[in-house]
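Colleague: Only the shape, not the letters, is given here:
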């Protein structure tokens, strides 16, 4: 029995020889320091993320305010002659044309198509004339710039 007890005591006792305890302490302290640095960087990252979300929310609010101000500004702008013409042309295109009662059903569709086509052609002609005006103004500006050089 004594032998069995001695064997159990010998089996339970476990020693590890540490050859350089100072080196182990240094390694543990360095790894602890690295972990603290990693945690600090993570906390900074979280702060930056919060600031980013706050900035995005602030920008969204500013954008809503700008859109509201732009809408108010647009309402207060005077309507120009060109804008009124475009609105009238669009209204004519959107409204169905009145058809005479004595006209056949097949010709009724042709009349509607031709009136819509005429309104579109007028609108394109006006756009072309505006484009031509802008091109002439651009040419005049380029001419003045050329004379300055």
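Modeller: Noted; the coordinates are in hand. Bear in mind that the values here come from a model prediction, so they are computed numbers and not experimental data.

Colleague: could you say what helices and strands the longest helix anywhere in the chain packs with?
Modeller: Among the elements of the chain assigned as helix by DSSP state H, the one spanning the most residues is helix 21-76. Based on contacts counted as 3 or more C-beta pairs under 8 Å, 6 or more residues apart in numbering; DSSP states H and E, there is no element that helix 21-76 packs against. Glycine gets a C-beta too; all of them are placed from N, C-alpha and C.

Colleague: What mean pLDDT does it get?
Modeller: Along helix 21-76, the predicted confidence averages to a pLDDT of 93.

Colleague: residues near residue 60, how many?
Modeller: The number of residues packed around residue 60, counting by other C-beta atoms under 10 Å, is 10.

Colleague: same question, the one 3 residues further on
Modeller: Using other C-beta under 10 Å as the criterion, residue 63 is surrounded by 10 other residues.

Colleague: Determine the number of other residues adjacent to residue 47.
Modeller: With neighbours defined by other C-beta under 10 Å, the count for residue 47 comes to 10.

Colleague: Next: the one 4 residues further on.
Modeller: With neighbours defined by other C-beta under 10 Å, the count for residue 51 comes to 10.

Colleague: What separation do you get for it and residue 40?
Modeller: As defined by C-beta to C-beta, to the nearest Å, residue 51 lies at a distance of 17 Å from residue 40.

Colleague: now swap in residue 53 and tell me
Modeller: 21 Å.

Colleague: just residue 74 next, same as before
Modeller: From residue 74 across to residue 40, the span is 51 Å (C-beta to C-beta).

Colleague: what do you get for residue 143?
Modeller: When distances are taken as C-beta to C-beta, residue 143 and residue 40 turn out to be 64 Å apart.

Colleague: Ok, residue 72 next?
Modeller: Relative to residue 40, and taking C-beta to C-beta, residue 72 is found at 48 Å.

Colleague: If anything else comes up later, I'll come back, but that's it for now.
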